[in-house]
Structures are given as structure tokens and as C-alpha cells.
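Chemist: Show me the folded form of this:
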Amino acid sequence: MAADPNDALAAFTEYAADHLWIASHLTQLAGVVLMVVALLFLARELELSGAAWARVAAAGAIVTLALAAVLQAVDGIALKRSVDAWAAAPASHKDAAFYAALSVRHVEIGLASLLCLSLGATAMLYAGVMLAHETYPKWMAALAASGGAATAAAGVVIAYAGFSSLAMTINMPGNAVLLAWMLALGVLMWRRAGSRAVAAE
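Modeler: Numbering: from 1, shown residues only. Here you go, the predicted structure:
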């Protein structure tokens, strides 16, 4: 999106014109579901290797999924309906509709902050378990730790400053690192599963 997310008037105008808003947010949620499923498989693998903290990391992944679902309900559906109602409201009701949408936005900011904190802490937990049990390369744990730390820091900034440029500057690279971690993790888990299948034959 082109508008500054901390400029509610500009952002709401842009959101109201976006016909793919709900679909794109439901797609984002589907992506988080797939990521959490992968993390739960990883936790199970680590637990079988003797990693006691793997269950705590799995619990963090489940909490993160719950927060992501609530965030998408607020941002992807409730906010979109609110800004559409504001855009369609007659002039005499514009201000009231705008502030109603702004209230939904503030709930979104709170949820986004907690989601970042949960996701960041969960990634760092996984990093610690992976380092302690050396079942995966150290660089993979480093990706999880650095991306998790940045994402958690962004959560704190969002709590105090909303979707500010500072929050986005911290959050976007952190999320990119976590995405790279998930992709690398998927490739390694796939290869391990293939190797086990060949060995079983």
C-alpha cells in the first residue's frame, strides 16, 4: 500500500478502495497456519531428540497462530467493513464513522504488537532449542534468533508508536529474515524426510 499506515485518513481511503483486502488477509492467515504446522512438526522432531524446551516452543507457535487469527479478523474483516461504512457514509455521519473505524484500528495496533512479540519470542525459543541440541546448522538458529529479536523489538515499538516508520523499518527486515528461516527450514526438513524414506527402504 502507498499510504502511510500511521496516517489514518490516507490509509482508510486506500483500504476502502481495495477490493482484494479481505481475500489478501485470509491468504496471509493461511500462510501463518502453514508456518505454524511446520513449527509444530519441528517441535516434535526436536522433542524426540531430547529437547525438553521444544514443547514450550510449540506452545508459543500455537499462541502466535491464535493472535494471528484474531488480528486478521480485526484487520482483514472488521477494519475493512468499518472503512467501507465510513467511505459510504453521508457527510453528516462521516466524522462518527471515521472515529468508529479509528477505534478498530487501535485494536488492530494492539493485536499487531502482541503478535510481533509472540512471534519474535517463539522464533528465539526455537533458536535456543536448535542451538542446544545441534540438530540443525547453527546458521539456521542464527536466522531464527535475529529475525525473532527484530520482530519482538518491532512489537514494542508498535505498542508505543503504532505503525510508525520506525516500527516498519524494524519489522519488515525481521519478518523477511523469519521468512527466509522458514523456507530454509522447509527445505532441510524435506530433505531429511526423503533421506529417512530412502533409509527405510
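
Chemist: alpha carbons only for contacts and neighbour counts from here, please
Modeler: Fine.

Chemist: neighbours of Ser92, just the number please.
Modeler: 8 (other C-alpha atoms under 10 Å).

Chemist: ditto for Ala43
Modeler: Number of residues near Ala43 (other C-alpha under 10 Å) recorded here: 25.

Chemist: buried set for the helix or strand in which it is found?
Modeler: Using DSSP states H and E, Ala43 sits in helix 21-48. Judged by neighbour count (16 or more other C-alpha atoms under 10 Å), helix 21-48 contains these buried residues: 21-22, 25-26, 29, 32-33, 35-40, 42-44, 46-47.

Chemist: What lies in contact with the helix or strand immediately after that helix in the chain?
Modeler: Downstream of helix 21-48, the next assigned helix or strand under DSSP H and E is helix 54-72. With C-alpha atoms under 8 Å, 6 or more residues apart in numbering as the test, helix 54-72 has contacts from 25-26, 29, 32-33, 36, 39-40, 43-44, 46-47, 108, 111-112, 114-115, 118-119, 121-123, 125-126, 129.

Chemist: Tell me the spacing between the spatially closest residue to Gly148 that is not a sequence neighbour and Ala68.
Modeler: What sits nearest to Gly148 in space, not counting adjacent residues and going by C-alpha to C-alpha, 6 or more residues apart in numbering, is Gly120, at 3.7 Å. As for Gly120, its distance to Ala68 is 13 Å (criterion: C-alpha to C-alpha, to the nearest Å).

Chemist: repeat for Val104
Modeler: 16 Å.

Chemist: three-state assignment of Ala11?
Modeler: Following DSSP: H, G, I helix; E, B strand; the rest coil, the label given to Ala11 is helix.

Chemist: State the number of residues packed around Met172.
Modeler: By the criterion of other C-alpha under 10 Å, Met172 has 15 neighbours.

Chemist: Quickly note the distance from Ala87 to Val33.
Modeler: From Ala87 to Val33 the distance is 32 Å (C-alpha to C-alpha).

Chemist: what angle do the longest helix belonging to the chain and helix 54-72 make?
Modeler: Among all segments of the chain classified by DSSP state H, the helix with the greatest residue count is helix 94-133. For helix 94-133 against helix 54-72, the angle by axes from the mean of the first three to the mean of the last three C-alpha atoms, to 10 degrees is 160 degrees.

Chemist: now for helix 94-133, which elements pack on it?
Modeler: Other helices and strands packing on helix 94-133, by 3 or more C-alpha pairs under 8 Å, 6 or more residues apart in numbering; DSSP states H and E, are helix 21-48, helix 54-72, helix 79-88, helix 138-161.

Chemist: again, 7 Å this time
Modeler: Packing contacts for helix 94-133, counted by 3 or more C-alpha pairs under 7 Å, 6 or more residues apart in numbering; DSSP states H and E, involve helix 54-72, helix 79-88, helix 138-161.

Chemist: Let me have those in CSV, adding mean neighbour count and mean pLDDT as columns.
Modeler: Converted to CSV, those look like this (neighbours: other C-alpha atoms under 10 Å; pLDDT from 0 to 100):
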stretch, mean neighbour count, mean pLDDT
helix 54-72, 20, 96
helix 79-88, 21, 97
helix 138-161, 22, 96
